[in-house]
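Colleague: please work out how this folds:
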Amino acid sequence: MKNDFTYSIQSIVFDENYIPSDKTRITTNFANLARGEQRQQNLRKAINMINNNFNARANWDNPNGDRYSVELEIIHVDVDVEGNGETFPTIEILQTYIVDHKTKQRLEGIVGNNFSSYVRDYDFSVRLLEHNKNKSQFSVPKDFGDLHGKMFQAFIHSETYQQHFHKPPVICLSVSDNKTYHRTENQHPVLGVEYLPNESSLTEQYFKKMGLQVRYFMPPNSVAPLAFFFFGDLLADYTNLELISTISTMETFQKIYRPEIYNANSYAGEVFKPSLKHEDHSLTRIVYDREERNQLAIEQGKFAEAKFIKPYQTTLKQWAENYA
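Modeller: All right, here's what the predicted structure looks like:
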């Protein structure tokens, strides 16, 4: 049995004309914007928000607040498990590019940002639910996230990844609404004030199996901390503009999808308990159905089970056991 899967990468431009591919999870942040009658308007608004956010943060030598714009590409990764040309869509992430209109340069930003995965949907929306069916106390299977974690690390260490990307990915997510975060004295000029959680979340543990560490920072002029998942040294490995490209992109998505936390009308305090029931917040006028998203996640998980987990069960099990 061969040790390596074969990966193929496609990149799709994310702009106001973006139409999700039939392999894209429709609950993914960027795909969800590109649905319905308002799709083009939603995409235009989101891209404007990202650019305005970026220029507000990269404000040196930028007197009119219009020096930069952010270009986004969706990186779509297919995996061929058995080497027979049959592929399954494993993950989608975002690549940012920074266009400097003053110097006429297009700089590479950070890859990662958003994280979309059918196998993760299977783990959280199918496997975890089945494991806890008829149980009085919530628990997590012992090997929860093992396969997904190994598959992600195999991709990051693959030749395919190395050929396409120069730095490891950074994934940026919302804070957990069932944890409490405490502000520290540590402060970074771009990432802002660091927060520490009172305990580890299931998402943290899941991403740890993917080889990622996490730190929580509330950037200047933001109202809540973001979770940054990374390899290596988040503060030393990336430039200010690279970090700003991630913050401006992912904070925009969070303002749209979690306005109670990221578009709140008050700042996170020294002790911060995020809540999706927080009423004092502003809306972005971009339509979003949270309830539908939860239902679709289950459908996506079942799709992964039927098309990937079950058909390749034996191969995946053997591969995971042998993967170092």
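Colleague: ok, Thr203 touching Ser176?
Modeller: Yes. Using Cβ atoms under 8 Å, Thr203 is in contact with Ser176, at 6.5 Å. The way it works is simple: take the backbone N, C-alpha and C, and place the C-beta from them, glycine included.
Colleague: pull up the overlap in contacts between the two.
Modeller: Counting by Cβ atoms under 8 Å, 6 or more residues apart in numbering, the common neighbours of Thr203 and Ser176 are Ala227.
Colleague: those helices in the stretch 151-300 of the chain, which residues are they?
Modeller: Counting by DSSP state H, counting those that start in this stretch, the stretch 151-300 of the chain has helices at residues 159-164, 202-209, 234-237, 240-257, 259-262, 290-304.
Colleague: lowest average confidence, helix or strand, in the protein?
Modeller: None of the helices or strands of the chain scores lower by mean pLDDT, DSSP states H and E than helix 29-33, at a mean of 74.
Colleague: same for that helix, what does it pack against?
Modeller: Packing partners of helix 29-33 (3 or more Cβ pairs under 8 Å, 6 or more residues apart in numbering; DSSP states H and E): helix 39-57, helix 240-257.
Colleague: tell me the most buried of the ones you listed?
Modeller: Highest mean neighbour count among the helices and strands packed on helix 29-33 (mean count of other Cβ atoms under 10 Å): helix 240-257, with a mean of 24.
Colleague: what ranges does the stretch 1-150 of the chain have for its helices?
Modeller: With DSSP H, counting those that start in this stretch as the criterion, the stretch 1-150 of the chain has helices spanning 29-33, 39-57, 118-122, 128-131, 146-156.
Colleague: so for the fourth one, mean pLDDT?
Modeller: Per-residue pLDDT values across helix 128-131 average out to 90.
Colleague: can you check stretch 77-95 too?
Modeller: When pLDDT is averaged over stretch 77-95, the result is 92.
Colleague: same question for stretch 100-110.
Modeller: Throughout stretch 100-110, pLDDT has a mean value of 97.
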